[in-house]
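**Q** What would the 3D arrangement of this be:
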Amino acid sequence: MADASVLTNMTHDAYKTHTESLSERLAELKEAQDAVLSKLQKQIDNPTAQQDMNAKLERLDKLFRSIPEYRQRAQGCKTAILDIDSRMKAVLQKTAVLREKKEKQIVAAHQKREKERERLTSGN
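**A** Just a heads-up that it's a prediction; the model follows:
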């Protein structure tokens, strides 16, 4: 019976210690909660903070509403870039054709000069 009494006392002491620890922790949490609530209440009561918050919310709202417009602009830019790209490819192809034509003209002129030179040298 003495063992049961000791065990009961130990359990009671452990429970009391644990309860006191929990009570202390609960009091700390309550203080922290009160501090946070007080700070929030001050921010709510402060018209400047409320105006700042409203301005930030308004700006966010405008940004979110402008997303489709920016997407449309981006699509327009993409289309313009693709158009410019295709035009540049066409210009490069035309330039290549003109370059070949000019090279052929230069080669033909060079050959003509060579033939004229040969004719003049063989005639003497």
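**Q** Next, find the distance separating the residue sitting nearest the centre point of the chain from residue 56.
**A** In the chain, the residue lying closest to the centroid (CA atoms, centre = their mean) is residue 67, at 13.4 Å. Taking CB to CB, to the nearest Å as the measure, residue 67 falls 17 Å from residue 56. To be clear about C-beta, it is placed using only N, CA and C from the backbone, and glycine gets the same treatment.
**Q** what's the answer for residue 87, then?
**A** Per CB to CB, residue 87 is found 44 Å from residue 56.
**Q** residue ranges of the helices in this protein, please?
**A** 2-45, 47-123 (DSSP state H).
**Q** For the last one, which helices and strands make contact with it?
**A** Helix 47-123 makes packing contacts with helix 2-45 when contacts are defined by 3 or more CB pairs under 8 Å, 6 or more residues apart in numbering; DSSP states H and E.
**Q** quick one: the helix it packs on to helix 47-123, angle?
**A** If you take axes from the mean of the first three to the mean of the last three CA atoms, to 10 degrees, helix 2-45 sits at 70 degrees to helix 47-123.
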